[in-house]
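Visitor: Model the structure of this input:
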Amino acid sequence: MTSILLHAEGISARRGARTVLEPCTLSIAPGDRVAIYGPNGAGKSTMLQALAGLLPVASGSIAFRGRKLGQALSLLDFHRQTAAVFQEPLLLRGTVRHNVELGLVLRGVEAAERVARVEPWLERLHIAHLADRSVSALSGGEAQRTSLARALVLEPEIFFLDEPFAALDAPTRARLAEELADILDERKIATLFVTHDIDEAAQMCDRCVVIDAGRVLQQADMSEVLGRPASARVADIIGLPNVFQGRVIETTHEGTWLDWCGHRIRTTAQARAGADVTFLIRPEQIRLQGRREEGANRLPGHVEQARRGGRRRFVVTGVGGPHRIAMSFAHDDHALPGDEVAILFPPDAVWIFPEQDPGPDESR
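Guide: This is a model prediction of the structure:
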């Protein structure tokens with residue numbers, strides 16, 4: 001049986017008279033890596049600060065290894081088991097080495113042991129050559145590496161990360177995120193990671209809490225959130241295209257059939273016959289195919305845009321009047337704007353949201 005390291009039950013938070021985090025429950029086991037994801041102002045940092053014991057909760061309770069914070073466990077003892085890194089490194093005057101060993105000094109660790117624990121982290125985070133440099137002379141990436149080393153040298157049981165890469169340039173951010181993901185995987189450190197970059201969340205974490213306006217919208221494995229979002233609002237927040245509305249024609253042993261603007265499409269998702277539904281077609285499962293070929297779901301259209309540059313590669317294909325479908329490029333897709341094409345996607349590419357939600361503009 002998996003033990004629970006941190007359990008928050010029905011916690012909420014207020015800032016003055018305003019509720020900034022609605023009651024939510026979350027459990028973290030040893031080694032879990034959980035992303036807290038949402039748009040700016042969603043309440044991500046508030047949730048992390050509450051879970052880290054840095055912000056008083058208005059309701060509910062937090063327990064670490066079964067001991068309630070503020071009752072059986074003091075806040076100080078809890079903080080001795082955790083470490084946090086924020087967007088700004090918050091380094092003190094002095095050298096890199098002085099900053100990295102600071103937490104050990106405050107905990108009364110003797111000099112010989114401090115050296116034995118600090119040196120490996122200086123090496124691992126590629127700042128050993130900077131050990132005697134003043135932190136005032138560091139670049140943004142070097143300063144954040146120092147901050148990470150200062151936290152990791154404490155050997156925390158829970159690591160709280162509040163957008164630690166947000167202020168870095170893209171190449172530095174990508175390298176540091178990859179390195180840190182490897183460290184967390186090797187050390188099996190339970191981690192709560194706040195971000196508004198879904199790709200970064202997927203790289204760093206196995207689970208995801210999607211939050212918006214202080215309310216948790218979905219809490220699940222990362223693959224579940226990305227592949228089966230709980231609502232059109234979740235799909236919109238994580239940037240998934242191809243959210244549409246249709247009507248269920250019938251449900252058979254072969255699946256569920258939808259009517260979408262006169263097109264009949266099949267899905268493995270379940271819904272009640274006659275129901276109006278909001279659904280998603282996953283862009284990475286859509287392919288182009290010649291008109292004479294057959295497929296499970298086959299829709300005619302014409303290519304409106306073909307974008308091969310940038311972080312996301314996709315073709316947008318006009319289907320059924322004003323609607324557009326975004327798809328990922330395959331290596332053998334050579335369609336150009338204006339081409340008449342057919343698109344194919346399997347039934348399991350269609351996900352019906354379990355709640356009615358008008359969602360974002362269908363035409364995106």
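Visitor: surely residue 188 meets residue 29?
Guide: No: using CB atoms under 8 Å, residue 188 makes no contact with residue 29, being 10.3 Å away. C-beta here means a position set from N, CA and C on the backbone, and glycine is covered the same way.
Visitor: Okay, now the unreliable bits of this protein?
Guide: Scanning the chain for pLDDT under 70 picks out 1-2, 290-295, 307-322, 329-333, 355-364.
Visitor: Pop the domain breakdown of it in here.
Guide: 6-236, 241-352 (automatic domain parsing).
Visitor: Need the winner for burial among the ones you listed.
Guide: domain 6-236 (a mean of 18; mean count of other CB atoms under 10 Å).
Visitor: Now do that one: distance to the chain's middle.
Guide: Mean-position distance between domain 6-236 and its chain equals 13 Å (CA atoms, centre = their mean, to the nearest Å).
Visitor: First-to-last residue distance for it?
Guide: For domain 6-236, the first-to-last residue distance is 30 Å (CA to CA, to the nearest Å).
Visitor: Contacts for stretch 258-273, please.
Guide: 244-251, 254-257, 277, 279, 296-297, 299, 319-321, 323, 347-348, 350-352 (CB atoms under 8 Å, 6 or more residues apart in numbering).
Visitor: Oh, that last question was meant for stretch 58-75, not what I typed.
Guide: With contact meaning CB under 8 Å, 6+ apart, stretch 58-75 is reached by 3-14, 19, 23, 25, 50-51, 53, 78, 81, 158.
Visitor: Could you do stretch 205-215 as well?
Guide: 19-22, 24, 26, 32-39, 41-44, 46-47, 191, 193, 201, 216-222, 225, 229-230, 233-234, 237-238.
Visitor: Figure out how far the helix or strand where residue 248 lies is from the centre of its chain.
Guide: Per DSSP states H and E: residue 248 is located in strand 243-252. Computed by CA atoms, centre = their mean, the chain-centroid distance of strand 243-252 equals 29 Å.
Visitor: pull the CA atoms of it into PDB?
Guide: Only the C-alpha atoms of strand 243-252 are listed here, as PDB (Å, rounded to 0.1, in the frame of the first residue of the first chain):
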ATOM      1  CA  VAL A 243     -13.600  21.800 -29.400                       C
ATOM      2  CA  PHE A 244     -17.000  21.600 -31.000                       C
ATOM      3  CA  GLN A 245     -20.600  21.000 -30.300                       C
ATOM      4  CA  GLY A 246     -22.800  18.200 -31.800                       C
ATOM      5  CA  ARG A 247     -25.600  15.800 -31.100                       C
ATOM      6  CA  VAL A 248     -25.600  12.100 -30.300                       C
ATOM      7  CA  ILE A 249     -27.400  10.200 -33.000                       C
ATOM      8  CA  GLU A 250     -27.200   6.700 -31.500                       C
ATOM      9  CA  THR A 251     -25.200   4.500 -29.300                       C
ATOM     10  CA  THR A 252     -24.400   0.900 -30.600                       C
END
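Visitor: Which strands border that strand, and is each parallel or antiparallel?
Guide: Paired neighbours of strand 243-252 in the sheet (DSSP bridges): strand 255-260 (antiparallel), strand 276-281 (antiparallel).
Visitor: Minimum distance to residue 175: which of these has it?
Guide: Minimum separation from residue 175 across those (CB to CB) falls at strand 276-281, 32.6 Å.
Visitor: Could you check how far the closest one is from the centre of its chain?
Guide: Between the centre of strand 276-281 and the centre of its chain there are 23 Å (CA atoms, centre = their mean).
Visitor: by contact count, what packs against the helix or strand where residue 179 lies?
Guide: Taking DSSP H and E as the definition, residue 179 sits inside helix 170-187. Packed against helix 170-187 by the contact rule (3 or more CB pairs under 8 Å, 6 or more residues apart in numbering; DSSP states H and E) you find helix 140-152, helix 198-204.
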